[in-house]
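> What shape does this take:
(one chain, ligands or ions: 1)
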Amino acid sequence: MHLYDSTIPSGNAYKVQLLLSHLRTPYTTTSLNILSTPPETRSSQFLALNPNGRIPVLVLDDGTPLAESNAILFYLAEGTAYLPDDRIARAQVLQWLFFEQYSHEPYIAVWKYRTYWHPTGFSDLTSPQITTLKERGQAALEVMERHLAGRDWFVGTAYSIADIALYAYTSAAEAVEFSVGANVAAWLRRVEGTEGWVRIKKDETGKNPN
Ligand SMILES: N[C@@H](CCC(=O)N[C@@H](CS)C(=O)NCC(=O)O)C(=O)O
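Numbering: from 1, shown residues only. So this is what the prediction gives:
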């Protein structure tokens with residue numbers, strides 16, 4: 001398998017790297033520069049792999065490309081302990097994958113990107129836009145905090161790709177000045193204690209302290 005990620009650490013790529021590490025699946029990587037103008041993700045070769053021009057893309061051994069981090073997680077987790085067999089539990093996993101993409105990643109990931117790497121930071125956003133990003137990101141963390149009361153994991157009683165998808169950007173939330181509650185903080189430590197857990201790749205630009 002071959003994973004396209006970015007030269008800067010991407011939480012969306014990290015989800016895939018984390019699951020591949022749990023599964024001990026060997027893979028090779030190409031890291032694209034998404035900060036160049038145009039980004040390397042917009043080359044015709046890369047657009048042939050993902051018409052949406054974004055990493056991560058996983059190219060399977062038969063050459064089939066698969067984009068969208070959570071779709072890649074779902075594919076890789078099939079038949080493993082990271083995706084339950086039970087019908088409702090599988091749907092609940094999807095519930096959290098969609099929550100992550102609609103209510104969490106668009107705010108916390110964008111906030112992180114703007115904090116560390118965006119060429120103009122927050123300066124091209126209006127003050128209400130900045131407030132909305134922060135409030136919605138924080139609201140997503142509150143949803144997680146409430147759901148985790150009395151629970152170890154997002155779905156059922158086992159660590160799954162729902163946790164992996166949510167962990168990627170939640171693990172960076174405090175560093176970019178969101179508040180993380182006690183339940184989420186304890187869950188972050190639980191994820192970090194799982195077999196095969198790896199840290200997100202290092203930021204070679206030196207802007208991101210992790
Ligand atoms: N929904 C997508 C989001 C992917 C995404 O936003 N990727 C960013 C890096 S984290 C990217 O490739 N940006 C480069 C660009 O937009 O050209 C996923 O979950 O994979």
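
> Could you list the domains of this protein?
2-77, 87-192 (automatic domain parsing).

> and Leu20, how many neighbours does it have?
Using other C-beta atoms under 10 Å, Leu20 has 20 other residues around it. To be clear about C-beta, it is placed using only N, CA and C from the backbone, and glycine gets the same treatment.

> What pLDDT is listed against it?
pLDDT, Leu20: 98.

> What of Asn208?
Asn208 carries a pLDDT score of 81 in this model.

> How about stretch 146-165 and the ligand, any contact?
No. Stretch 146-165 lies out of reach of the ligand by C-beta under 6 Å from any ligand atom, never closer than 8.5 Å.

> which outside residues touch that stretch?
Contacts to stretch 146-165, defined as C-beta atoms under 8 Å, 6 or more residues apart in numbering, come from residues 15, 18-19, 22, 69-70, 73-74, 77, 81-84, 86, 89, 92-93, 95-97, 100, 166, 183-184, 186-187, 190-191, 194.

> If any of these are buried, put those into a ChimeraX selection.
A single ChimeraX command selects the buried members of those (16 or more other C-beta atoms under 10 Å):
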select :15,18,19,22,69,70,73,74,77,82,83,84,89,92,93,96,97,100,166,183,184,187,190,191
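
> Report the distance from stretch 115-132 to the chain centre.
Its chain's C-alpha centre and that of stretch 115-132 lie 20 Å apart, by C-alpha atoms, centre = their mean, to the nearest Å.

> Buried residues in that stretch, which are they?
Result for stretch 115-132 [16+ other C-beta under 10 Å]: buried residues 115-117, 125.

> still on that earlier bit, turn the domains of the chain into TSV, including distance to Val198.
Output for those, formatted as TSV (distance: least, C-beta to C-beta, whole Å):
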stretch	distance to Val198
domain 2-77	5
domain 87-192	10
